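Student: model the following, please.
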Amino acid sequence: MRSIAVANQKGGVGKTTTSVNLAVALSRAGRHVCLIDLDPQAHATLHVGVTSGAHGPTVFDVLTADQPLAAACVSVSDTLSVVPAHIDLSAAELALAGKSGRESILRSRMAADPRFQAGAAGAGLAGPAFDYVIVDCPPSLGLLSLNAMAAVGEVLLPLQPHFLALHGLSKLLETIELVSERVNPRLRLLGVVLCMHEAATRLAGEIGRDVDAFFAAGSGAHPAWGCGKLFATKIRRNIRLAEAPSFGQSIFDYAPESHGAEDYAALAAEVDQAAAVVREGVRRVA
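Tutor: Alright, predicted model coming up:
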């Protein structure tokens, strides 16, 4: 099983759009995918057509009330499930204050559920074992994002192509370094994907080249992100991507012929191919 946190401390960069449409693209390819919504705004939950709080426990109960992940998991399709968020999640940091090991609760819940274990199969499972877990992180680097990074193996960074975003990249890389050193040694940066990309603008091209050059010069960099890359797929600015959440649909259901659907299908294929690179990086460190 591969587990990927989609993270960026800056809001409005396409993080939730990427989480949802990557999860759906992988599920449409026949992979069993669990989307975990760790953002109190619950936008990923709504994006896949699930009403926040209407199906029993949410991820807030998983983190604060010892609820198992299976109790909160909602089936969206035969190959896609979601662990929904709720506005209560905004109080999670306060609710967990003083609790020992609060940064690794999600990891513990995943470890206790056979569906989230690599190679899980056979009787006793609540459903098919997951091939992918995609975690949509909030636009911050607080306790919720820390829980995500402690639980997963990889981080995917959506980046809007403007210069201020590059500062956010360096900050997130610092966080990945710290988490890998202190909490989760297997954590690695999967890569950066440019969202809301406009190929006709000079700025978008410059940012792409800067990010490419940054990773190309990263030989000997920290092992947690030294194998990172800029994905070849660029998510083009597309009004259909902005419209789809209001209908509770992924881009593949709302506008399957759009550039957005084409781009996220291509990104899903790249993410699959990137698995071998990440595994090789882990072996070199070991």
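
Student: ok, the spatially closest residue to His86 that is not a sequence neighbour - contacts?
Tutor: Once flanking residues are discounted, His86 sits nearest to Thr58: 4.2 Å by CB to CB, 6 or more residues apart in numbering. For glycine as for every other residue, the C-beta is placed from the backbone atoms N, C-alpha and C. Thr58 makes contacts with Ser52, Ala72, Val83, Pro84, Ala85, His86, Asp88, Leu89, as judged by CB atoms under 8 Å, 6 or more residues apart in numbering.

Student: neighbours around the second one, how many?
Tutor: Residues contacting Ala72 under the criterion other CB atoms under 10 Å number 24.

Student: burial count for the closest residue in space to it that isn't next to it in sequence?
Tutor: Once flanking residues are discounted, Ala72 sits nearest to Pro57: 4.3 Å by CB to CB, 6+ apart. By other CB under 10 Å, 20 other residues sit near Pro57.

Student: which sections of the stretch 1-150 of the chain are below the confidence cut-off?
Tutor: Confidence mapping of the stretch 1-150 of the chain against pLDDT under 70 gives the ranges 118-126.

Student: can you show me the helices along it?
Tutor: All helices of the stretch 1-150 of the chain, identified by DSSP state H, counting those that start in this stretch, fall at 15-28, 43-47, 59-64, 69-72, 92-95, 105-111, 143-151.

Student: from the ones you listed, which stretch is densest packed?
Tutor: helix 15-28 (a mean of 26; mean count of other CB atoms under 10 Å).

Student: from the chain's centroid, how far away is that one?
Tutor: 9 Å (CA atoms, centre = their mean, to the nearest Å).

Student: now tell me what touches it from outside.
Tutor: So helix 15-28 is contacted by 4, 6-8, 33, 35, 39, 43-44, 47-48, 77, 79-80, 131-132, 134-137, 139, 156, 158, 193, 195, 235, 241, 245, 250-253, 260-261, 264-265, 267-268, 271-272 (CB under 8 Å, 6+ apart).
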